[in-house]
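Undergrad: 3D model of this:
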Amino acid sequence: MRFAIATALAGVTALTLAAAAQTPPAAPAIARTVVAGTKLPSLGNTPLYFRAVSVSIPPGQKISLSAPNSILYQLSGSTEIADGQPKTITGGGGVLIGGGTTASLTAGNGESTLLYFLLVPKEALDQSIAAAPATVKELYRTPAPLPGLKPGSYELNLTRVTFPPGMPSNRPHHRSGAALYYIVSGTGANTVGGQTAERGPGSLIYEPSGLVHQWGNPGSVPMTFLAFNINPEGVPAVIPETSAKP
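TA: Residues are numbered from 1 along each chain as shown. The predicted structure follows:
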C-alpha cells in the first residue's frame, strides 16, 4: 500500500515537472517611470508647439532659464536647481520648470548635460534658452502647432520607457494629444503606414494625435526612450486603433 501511494505521488510530481517544463517563461515587462509632470488647468486657444534642446553647463558654472511649461532631463553629470525648493538631479532625473518660473542651474563637479523639453506658443519658439557659459543646441521643433488641442485641462509629463530585448511591435495605436520621443539607448522599430524604420540613440520622433503607429524592439539589448507627452486630463495618453486587425 505504501509502495502504491509513493508511486502515485511520484507520478504526480513527474506530471507537474513536465507541465512546468512546457510552460514558457513570462515575457519581460515594459518598464515605465514618470520623470516629471504637471496638470495644465486651462490650455486656452493659443496654438502650441513642442521644442527640444540640449544644454551643457561647464563644471561649477551657473545659468538661468525659464519657459512657459517645460521639463529638464539629466543625461549626464549633476545639476543643482533652485526654483523655490533647491534640489539636485543626476543622470536619469528630471524636474518640471513651471510656466513663468525662472530656475537657476548650477553644474556639479563635472560637465552637466541636459535635455530640455518645452511646450511653447509660437512667439516663444525662437526665444533664447540660456546664455553663456551654457552651450545650447536645438534638437527639434514641431513644424506646425500641435493638432487637436482644445481649451480645457491637460496633463503634461516626461516618461522614461524601457522595452525589453526582442519585443515584437505593439498593436497599432495613436496619441490622444501628442508626444515627442527621444531615444536614450538601444534601437527601436517604428512602424508608420506599413513602413518600418530603425530608430537609434539620439533620434527624435514626433507623434501628433491621429498618427497611427507601432513600436517594437527587435534588438538584443533593452531600448530606453523618453516620451514628452500632453493629453487631455482623464483621457489615456495612448489610444488603441480599433480599426486595426489583431
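Undergrad: any low-confidence regions in this structure?
TA: Across the chain, the ranges flagged by pLDDT under 70 are 1-27, 83-84, 243-246.
Undergrad: try 90
TA: 1-29, 41-46, 65-69, 82-86, 97-103, 124, 127-132, 148, 210, 241-246 (pLDDT under 90).
Undergrad: can you give me the helices in it?
TA: Under the criterion DSSP state H, helices of the chain are mapped to 2-22.
Undergrad: domains in it, as residue ranges please.
TA: Domains of the chain are assigned by automatic domain parsing as 27-47+146-246, 48-143.
Undergrad: Does residue 181 touch residue 227 like I think?
TA: Yes - using Cβ atoms under 8 Å, residue 181 is in contact with residue 227, at 5.6 Å. All C-beta spots, glycine's among them, are computed from the backbone N, C-alpha and C.
Undergrad: Can I get the domains of the chain in a markdown table including mean neighbour count?
TA: Formatted as a markdown table, the domains of the chain follow (neighbours: other Cβ atoms under 10 Å):
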| stretch | mean neighbour count |
| --- | --- |
| domain 27-47+146-246 | 16 |
| domain 48-143 | 17 |
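Undergrad: From one end of stretch 54-72 to the other, what's the distance?
TA: 10 Å (Cα to Cα, to the nearest Å).
Undergrad: Number the chain from 488, please
TA: Taking 488 as the first residue, the last one we looked at is stretch 541-559.
Undergrad: Now find how far off-centre that stretch is within its chain.
TA: 19 Å (Cα atoms, centre = their mean, to the nearest Å).
Undergrad: Stretch 594-612 now?
TA: The mean C-alpha position of stretch 594-612 is separated from the chain mean by 16 Å, Cα atoms, centre = their mean.
Undergrad: Over to stretch 686-706?
TA: Worked out by Cα atoms, centre = their mean, stretch 686-706 lies 11 Å from the chain centre.
Undergrad: One more: stretch 652-662?
TA: Stretch 652-662 sits 15 Å away from the centroid of its parent chain (Cα atoms, centre = their mean).
Undergrad: Then stretch 664-677?
TA: For stretch 664-677, the distance to the chain centre is 7 Å (Cα atoms, centre = their mean).
Undergrad: repeat for stretch 688-707
TA: Distance, centroid of stretch 688-707 to centroid of chain: 11 Å (Cα atoms, centre = their mean).
Undergrad: Likewise for stretch 580-591?
TA: 18 Å.
Undergrad: isn't residue 575 right up against residue 564?
TA: No - assessed by Cβ under 8 Å, residue 575 is found out of contact with residue 564, at 10.8 Å.
Undergrad: what residues are shared contacts of these two?
TA: With contacts taken as Cβ atoms under 8 Å, 6 or more residues apart in numbering, residue 575 and residue 564 have residue 595 as neighbours in common.
Undergrad: List the contacts of residue 716.
TA: Per Cβ under 8 Å, 6+ apart, neighbours of residue 716: 642-646, 662, 664-667, 724.
Undergrad: make it 10 Å
TA: 521, 524, 537, 604, 641-646, 662-668, 694, 724-725 (Cβ atoms under 10 Å, 6 or more residues apart in numbering).
Undergrad: Can you pick out the ones from those that are in strands?
TA: 521, 524, 537, 604, 641-646, 662, 665-668, 694, 725 (DSSP state E).
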